[in-house]
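Novice: predicted model and sequence below, questions to follow.
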Amino acid sequence: MNHSILEEFQTFLRSRGIVADSKIPYYAFWASRFLAFSNAHENLPLDVRIERFLENLQVKGKPAAPWQVRQAEEAARLYVGHFCAGDAAQLSPNTEPLAADICRDRAALIEKARELLRLRHYSFSTERTYLDWINRFFRHLDQNKRTSLTPAAVRDYLSFLAVGKRVSASTQNQAFNALLFLYREVLKQDMQGIEAVRAKRGQRLPSVLSVAEVQGLLRHMDGTALLMTQILYGAGLRLMELLRLRVQDIDFDGGMLFVRGGKGNKDRTSLLADTVKTALRQHLDEVKKMHDQDLQEGFGKVFLPDALERKYPEAPRQWGWQYVFPAAKRSIDPRTGAVRRHHLSEKVLQDAVRQALRKAGIAKHASVHTLRHSFATHLLMNGVNIREVQDLLGHKHVETTMIYTHVMRDMTKGPKSPLDLLSADPEQA
């Protein structure tokens with residue numbers, strides 16, 4: 001019998017306040033009895049196992065009292081339905097928890113996770129996010145005086161986030177993915193049944209700005225922020241796709257933008273509006289002057305992905321590889337320590353859009369990403385084929401793009417409210 005699992009079960013009951021503290025040892029006792037029975041009857045469905053377990057339940061050689069049967073049933077169902085999330089595989093735990101000294105060596109695990117994240121070409125923002133969740137998970141273990149890195153500890157932490165912290169489904173799944181990486185890639189530990197605690201997100205309709213609202217937003221912006229926002233909306237880019245644009249990714253003659261390494265590490269093309277071409281050329285002239293100055297001062301190298309710098313040593317200094325929207329100052333690369341001019345921080349455009357929304361009096365819950373939703377919706381309203389919109393957005397499945405048909409409203413052809421019809425002609429009503 002894996003006593004650690006039963007200790008985890010008692011901690012689970014105590015943290016949830018499901019039963020009185022004085023009765024927790026009895027619930028653990030019944031759970032251990034049920035586990036022993038269950039391991040001998042693995043071929044039976046869970047509900048049948050519980051029924052058979054209770055049929056001939058005995059205590060010290062005598063039939064169990066009715067209250068004992070009820071308590072045993074409740075313990076078994078709490079163990080199966082809540083602690084194990086209904087996963088039969090967890091009823092026969094055969095993976096021993098890691099040694100406590102490994103759990104305490106947090107720094108080594110963090111460094112190993114960092115190394116593997118970089119080896120698998122995760123973005124720096126994802127690396128920071130995953131390591132942050134792993135650190136939070138370790139702090140949670142310390143606060144609850146737990147030393148074993150078992151799947152049950154992950155289930156308990158995710159339940160704590162959902163119930164105690166009331167985080168959103170997307171936040172819970174972000175933590176889930178980080179811990180899944182820790183266990184599978186770093187610890188090489190099987191995570192049987194952990195999928196049961198992945199949060200399910202209901203369908204949410206995206207917030208979309210009307211054409212008039214986009215015009216109002218742009219009227220309250222200027223300079224580089226205006227240009228970035230125009231390109232973002234005009235091409236339906238994600239924020240980081242815009243910031244990672246290189247000079248060579250712009251095709252002025254073809255009216256196209258090349259998005260490299262987008263979501264899912266996929267390349268695609270999108271639209272370059274004629275409206276921004278003149279301003280974009282002027283902007284690039286200023287960026288070229290900045291780059292030339294960097295070269296004169298002994299800098300001018302830009303970050304290249306996938307070890308391209310080793311393959312093409314001169315490429316980092318070449319004009320075509322420079323960011324379209326570089327930062328105002330050079331900075332130290334957190335991964336290599338090299339001094340480079342990185343792209344603008346995402347916060348720059350996020351703050352500018354937030355201020356413009358306020359000045360324009362737009363009360364909708366909107367952000368930079370709302371412009372991507374608006375791009376897709378407005379294309380559909382203008383009669384663009386949904387498959388073409390799918391390609392421009394870089395969606396893998398057309399079903400993802402279909403959500404914009406739910407928010408599309410062409411007011412010249414859309415249905416009128418029955419209230420408007422009723423008040424328009426009282427006699428016909």
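Specialist: Thanks, I have it.
Novice: my guess is Leu284 contacts Gln322, does it?
Specialist: No - here Leu284 does not reach Gln322: they are 9.2 Å apart, not a contact under C-beta atoms under 8 Å. (Glycine included, C-beta is placed from N, CA and C.)
Novice: so what sits against both of these two?
Specialist: Here Leu284 and Gln322 have Val247 as joint contacts, going by C-beta atoms under 8 Å, 6 or more residues apart in numbering.
Novice: tell me which of those two has more neighbours.
Specialist: Regarding Leu284 and Gln322, a neighbour count based on other C-beta atoms under 10 Å identifies Gln322 as having more, with 23 against 17.
Novice: state the distance from Ala360 to Ser367.
Specialist: For Ala360, the distance to Ser367 equals 14 Å [C-beta to C-beta, to the nearest Å].
Novice: which residue of the two possesses the greater neighbour count?
Specialist: Each of Ala360 and Ser367 had its neighbours counted (other C-beta under 10 Å), and the higher figure belongs to Ala360 (18 against 15).
Novice: quick check: the more buried one vs Leu209, distance?
Specialist: Distance of Ala360 to Leu209, given as C-beta to C-beta: 10 Å.
Novice: what touches both of these two?
Specialist: Taking C-beta under 8 Å, 6+ apart as the criterion, Ala360 and Leu209 both touch Leu217.
Novice: and the strands in this protein?
Specialist: When secondary structure is read from DSSP state E, the chain shows strands at 58-59, 62-63, 250-251, 256-259, 268-271, 331-332, 339-340.
Novice: reformat these as JSON lines; add mean neighbour count.
Specialist: Listed next are those as JSON lines, based on neighbours: other C-beta atoms under 10 Å:
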{"stretch": "strand 58-59", "mean neighbour count": "12"}
{"stretch": "strand 62-63", "mean neighbour count": "9"}
{"stretch": "strand 250-251", "mean neighbour count": "16"}
{"stretch": "strand 256-259", "mean neighbour count": "19"}
{"stretch": "strand 268-271", "mean neighbour count": "17"}
{"stretch": "strand 331-332", "mean neighbour count": "12"}
{"stretch": "strand 339-340", "mean neighbour count": "16"}
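Novice: quick one: closest of these to Gly298.
Specialist: Distances from Gly298 to each of those were compared using C-beta to C-beta; the minimum, 9.4 Å, belongs to strand 339-340.
Novice: ok so, going back, ok, which of the strands of the chain comes nearest Phe375?
Specialist: Judged by C-beta to C-beta, the one of these that comes nearest to Phe375 is strand 268-271, at 8.9 Å.
Novice: which residues sit against that closest one?
Specialist: Where contact means C-beta under 8 Å, 6+ apart, the residues beyond strand 268-271 that reach it are 234-237, 255-259, 262, 391-392, 394.
Novice: where is pLDDT lowest across these?
Specialist: By predicted confidence, those are weakest at Gly262, whose pLDDT stands at 83.
Novice: number of nearby residues for Leu179?
Specialist: With neighbours defined by other C-beta under 10 Å, the count for Leu179 comes to 24.
Novice: leaving out sequence neighbours, find the closest residue to Phe303.
Specialist: Taking C-beta to C-beta, 6 or more residues apart in numbering as the measure, Phe303 lies nearest to Arg340, with 6.0 Å between them; neighbours along the chain are not counted.
Novice: so which of the contacts of strand 268-271 comes closest to Thr336?
Specialist: Looking at these and their distance to Thr336, the nearest is Gly262, at 23.7 Å (C-beta to C-beta).
Novice: so what's the closest one up against?
Specialist: Contacts were defined as C-beta under 8 Å, 6+ apart; by that measure Gly262 touches Arg238, Glu241, Arg268, Gly394.
Novice: recalculate using a threshold of 6 Å.
Specialist: Residues near Gly262 by C-beta atoms under 6 Å, 6 or more residues apart in numbering: Glu241, Gly394.
Novice: what about it, distance to Arg238?
Specialist: Relative to Arg238, Gly262 is positioned 7 Å away (C-beta to C-beta).
Novice: center of the chain, which residue is that?
Specialist: Gln174 (4.5 Å; C-alpha atoms, centre = their mean).
Novice: gap between that residue and Leu243?
Specialist: Separation of Gln174 from Leu243 (C-beta to C-beta) stands at 21 Å.
Novice: as TSV, the strands of the chain with distance to Ser374 would be great.
Specialist: Putting those into TSV (distance: least, C-beta to C-beta, whole Å) gives the following:
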stretch	distance to Ser374
strand 58-59	67
strand 62-63	69
strand 250-251	22
strand 256-259	17
strand 268-271	14
strand 331-332	32
strand 339-340	34
